[in-house]
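Visitor: with the sequence up front, the predicted model follows.
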Protein chains: 4
Amino acid sequence: MADSGTTTGRRSGKRERLVAAAARVLHEQGVEKTTIADIARTADVPVGNVYYYFKTKDQLVEAAIEEQGRTLHTLLAALDRLPEPQGRLKALVRGWVDQRDLAARYGCPTGSMASELDKRADGLDRVVADVMRRLLDWTEHQFQAMGRADARELAVALISAYQGVSLLTNTFRDPDLMAAEGERLERWIDSLVRPPS
Amino acid sequence: MADSGTTTGRRSGKRERLVAAAARVLHEQGVEKTTIADIARTADVPVGNVYYYFKTKDQLVEAAIEEQGRTLHTLLAALDRLPEPQGRLKALVRGWVDQRDLAARYGCPTGSMASELDKRADGLDRVVADVMRRLLDWTEHQFQAMGRADARELAVALISAYQGVSLLTNTFRDPDLMAAEGERLERWIDSLVRPPS
Amino acid sequence: MADSGTTTGRRSGKRERLVAAAARVLHEQGVEKTTIADIARTADVPVGNVYYYFKTKDQLVEAAIEEQGRTLHTLLAALDRLPEPQGRLKALVRGWVDQRDLAARYGCPTGSMASELDKRADGLDRVVADVMRRLLDWTEHQFQAMGRADARELAVALISAYQGVSLLTNTFRDPDLMAAEGERLERWIDSLVRPPS
Amino acid sequence: MADSGTTTGRRSGKRERLVAAAARVLHEQGVEKTTIADIARTADVPVGNVYYYFKTKDQLVEAAIEEQGRTLHTLLAALDRLPEPQGRLKALVRGWVDQRDLAARYGCPTGSMASELDKRADGLDRVVADVMRRLLDWTEHQFQAMGRADARELAVALISAYQGVSLLTNTFRDPDLMAAEGERLERWIDSLVRPPS
DNA sequence: TATGAATGAGTGTTCATTCAT
DNA sequence: CATGAATGAACACTCATTCAT
């Protein structure tokens, strides 16, 4: 039932295909460089038909961002099943490292979209900010659960570290940067556990 | 000094104005969203005249990136005059914090260009990578001077932290994020000084 | 017949109109002097729409040349129905003479395109060469059928004579040049018939 | 006295260099494809300076055509020193054959200019027509001297043959076409000599 | 005279968006 | 709902011509 046809009743899957294609192509090529035709072709949907599902390109971009948000939600929900907060954070980091080859080629999906859309004041920047905020909030919760009073600051530090090293990994096309930083971050997380005095 | 007319002899300063305008507008609007006309208008130069100085838009973008490289070079040269490596690094961080309002509005100039250009394979991505590498190398040198064997890794960590928090600062339009992370980074740098055993 | 929608299925005829307009306007104005807008206007098609049918101006030019090739093919097929080779050749010459007013204004369509495109190395020169070669080959066949061992040389001579007098007719805006040369060529063709020894 | 500085008194040779460069480049690239900058570069003259000698591009083109006319005049004057008219005509043909490699690459200078400029009604077409007419007239004179009453018609036939085979030679990039047709024309000229009855 | 620089009207091409069926 | 086609407003880039010195 969950997210069935938000708009459409028919189950042809075109809308879903468009969103998935958009998410992928926008990540790979960037928002400005990607044309509606690019996305339509990838989704195997006729160009004219796109506008039945999305009134403008921006709405399709928005849907793609929200798709990222959903993916993130699923990931975090899975992590939540782990027993310890530091374990969850380290699993998050390990997930990033696992994706290092993709990051080397295209950067972090959310981060590169944020970077591009932050220059615009059309509301799309707020949508991507929401996704980022959800990640930040979840991370803060983990640090809180670890008993840290500076949880927000630590969350910003961790997410920043990831976003930054994604950028460097992409800039230098070197997945190893992400791997090394991942290890460092895991050690750092361990160091933050309050010692049972 | 002395690098006045890099290419053009006449001293009308149009080339310089174009590069400066490009650097600013490209940072503010992004590469794809910025038209040659935008830059020309900002530099108060007729559109057709831009092509007297730069054969293509890409060449103008390249010049703007190299201008960033020159700015960076000047900054690092100034920092080099400080006595201690950790002092230099902390001064670097303080410089970032001083620019936090700009970062909140447009992100880090180099970082956002890197993010956008990394998706392209036209050589512009290598130009921005060079600038980033110069910053990374300098940072590594400082950590080496501090006697750290893991200097490269630390350099990646520091620059990543900056790039990442620039992105968050921009995404959430919150300069305080940069300020807080700056303080944290300064403390972190202090903690890395080898204790005089 | 049968060559209706070569590429496009819909029967609006725009593609055909564009090719016809291109063939005409390119002949009248030359390739370089003709803008896409000129052709679009002549075909009564909005400029932007041209690019739905042809990716580049060169592709439209190519289509126009191939249209000439098709016209030539039709002409030669009609001539082939004549019983004697020398009759076919003389009918060909008479066709040229019939078109002398057009030649006086714009020259031979194929010849003037060849002249202009031969200076370029973009492949368009080969397309027009193909059309010319087809005419040359057909002419050679007729001379062969007349029992001439020097058929190729004679074919070159005949086509050259036509192309050359087209140029002079155009240069001096004098259709009579074509008429006179046509008569001379007919006599020449007659003189080549092997006398029944 | 001949062609000293028609306009300029100073003997810097820039005007001459411009005309020579124009004649060459216009032949190689065509009129429309050639920019003033192309010619200026070839002549090693600053772009802005061109307009001191020629008010418009068309005037420079005109000068280049007249330069062709002068070259033709020199050639015909040389041929006039030969004793027999048929010898002069055959020498003319041999000159064409000698230039066959150039023709294969760029066609006949006068012919290709005529072809391109005939589409325009700006007077340039008349200038090139004058050059062509001078060649035609001279040829007619030779046939008259040979006692032919149909001298004009024969002149048109000979010049047409040359212009036409130049075009084919260029189209098929085959200098041999010109060589073979040259031999044929020489034989033809010989056949026209009135037998001393 | 000489010359680098300036200017602006095109030109080919792209693309989001709309329309007719 | 679906779809090929239509539309027009950009945009990067070119070039003849002019200008200031």
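Guide: Perfect, I can see it now. Numbering: from 1, shown residues only, chains lettered A, B, ... in the order given.
Visitor: can you pull the contacts of residue A:183?
Guide: For residue A:183, the contact set (Cβ atoms under 8 Å, 6 or more residues apart in numbering or on different chains) is empty. Yep, even glycine has a C-beta here, placed from its N, CA and C like the rest.
Visitor: point out where chain A drops to low pLDDT.
Guide: Low-confidence segments of chain A (pLDDT under 70): A:1-11, A:194-197.
Visitor: which residue is nearest the middle of it?
Guide: By Cα atoms, centre = their mean, chain A has its centre lying nearest to residue A:110, at 4.1 Å.
Visitor: how far off helix B:109-117 does the strand or helix carrying it point, in degrees?
Guide: Using DSSP states H and E, residue A:110 sits in helix A:109-117. Orientation of helix A:109-117 against helix B:109-117 (axes from the mean of the first three to the mean of the last three Cα atoms, to 10 degrees) gives an angle of 110 degrees.
Visitor: could you say what helices and strands helix A:109-117 packs with?
Guide: Judged by 3 or more Cβ pairs under 8 Å, 6 or more residues apart in numbering or on different chains; DSSP states H and E, helix A:109-117 is in contact with helix A:14-29, helix A:57-80, helix A:124-145, helix A:151-171, helix B:109-117, helix B:151-171.
Visitor: what angle do the shortest one and helix B:14-29 make?
Guide: Helix B:109-117 and helix B:14-29 meet at an angle of 70 degrees, taking the same axes, to 10 degrees as the criterion.
Visitor: export only the CA atoms of helix B:109-117, formatted as PDB.
Guide: The C-alpha coordinates for helix B:109-117 follow below in PDB (Å, rounded to 0.1, in the frame of the first residue of the first chain):
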ATOM      1  CA  PRO B 109      34.100  28.500  -4.700                       C
ATOM      2  CA  THR B 110      36.500  25.700  -5.500                       C
ATOM      3  CA  GLY B 111      34.300  23.000  -4.000                       C
ATOM      4  CA  SER B 112      31.200  23.900  -5.800                       C
ATOM      5  CA  MET B 113      33.000  24.200  -9.100                       C
ATOM      6  CA  ALA B 114      34.700  20.800  -8.500                       C
ATOM      7  CA  SER B 115      31.300  19.300  -7.800                       C
ATOM      8  CA  GLU B 116      29.800  20.600 -11.000                       C
ATOM      9  CA  LEU B 117      32.800  20.100 -13.300                       C
END
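Visitor: wait, does it contact DNA strand F?
Guide: No: against DNA strand F, helix B:109-117 shows no contacts by Cβ under 7 Å from any atom of the strand, the least distance being 13.7 Å.
Visitor: got the contact list for that helix?
Guide: With Cβ under 8 Å, 6+ apart as the contact definition, helix B:109-117 has outside contacts at A:30, A:107, A:111-112, A:115-116, A:118-119, A:167, A:170-171, B:23, B:26-27, B:30-32, B:65, B:68, B:72, B:106, B:124-125, B:127-129, B:131-132, B:135, B:163, B:166-167, B:170.
Visitor: rerun at 7 Å
Guide: Outside helix B:109-117, the residues that touch it by Cβ atoms under 7 Å, 6 or more residues apart in numbering or on different chains are A:30, A:107, A:112, A:115-116, A:167, A:171, B:26-27, B:30-32, B:65, B:68, B:106, B:124-125, B:128, B:131-132, B:163, B:166-167.
Visitor: what does the longest one give?
Guide: Outside helix A:57-80, the residues that touch it by Cβ under 7 Å, 6+ apart are A:18-19, A:22-23, A:26, A:31, A:36, A:39, A:50, A:54, A:88, A:91-92, A:95, A:109-110, A:113, A:122, A:124, A:127-128, A:130-131, A:134-135, A:138.
Visitor: does it reach DNA strand F?
Guide: No: legend: contact between helix A:57-80 and DNA strand F by Cβ under 7 Å from any atom of the strand is lacking; minimum distance shown is 12.3 Å.
Visitor: okay, the angle between that helix and helix A:14-29?
Guide: Using the same axes, to 10 degrees, helix A:57-80 lies at 90 degrees relative to helix A:14-29.
Visitor: how far away from the center of its chain is helix A:57-80?
Guide: 7 Å (Cα atoms, centre = their mean, to the nearest Å).
Visitor: list the buried residues of the next helix or strand after that helix.
Guide: Counting by DSSP H and E, the next helix or strand C-terminal to helix A:57-80 is helix A:85-98. Across helix A:85-98, burial judged by 16 or more other Cβ atoms under 10 Å in any protein chain shown covers A:85, A:86, A:88, A:89, A:90, A:91, A:92, A:93, A:96, A:97.
Visitor: over to stretch A:144-159?
Guide: Neighbour counts using 16+ other Cβ under 10 Å place A:144, A:146, A:148, A:151, A:152, A:153, A:154, A:155, A:156, A:157, A:158, A:159 of stretch A:144-159 among the buried residues.
Visitor: and those as JSON lines, adding distance to residue A:102?
Guide: Formatted as JSON lines, the buried residues of stretch A:144-159 follow (distance: Cβ to Cβ, whole Å):
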{"residue": "A:144", "distance to residue A:102": "30"}
{"residue": "A:146", "distance to residue A:102": "29"}
{"residue": "A:148", "distance to residue A:102": "31"}
{"residue": "A:151", "distance to residue A:102": "29"}
{"residue": "A:152", "distance to residue A:102": "29"}
{"residue": "A:153", "distance to residue A:102": "29"}
{"residue": "A:154", "distance to residue A:102": "26"}
{"residue": "A:155", "distance to residue A:102": "23"}
{"residue": "A:156", "distance to residue A:102": "24"}
{"residue": "A:157", "distance to residue A:102": "23"}
{"residue": "A:158", "distance to residue A:102": "20"}
{"residue": "A:159", "distance to residue A:102": "18"}
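Visitor: what does chain A put close to chain B?
Guide: A:28-30, A:32-33, A:106-107, A:111-112, A:114-116, A:118-119, A:129, A:132, A:153, A:156-157, A:159-165, A:167-168, A:170-172, A:177, A:180-181, A:184 (Cβ under 7 Å from any Cβ of the partner chain).
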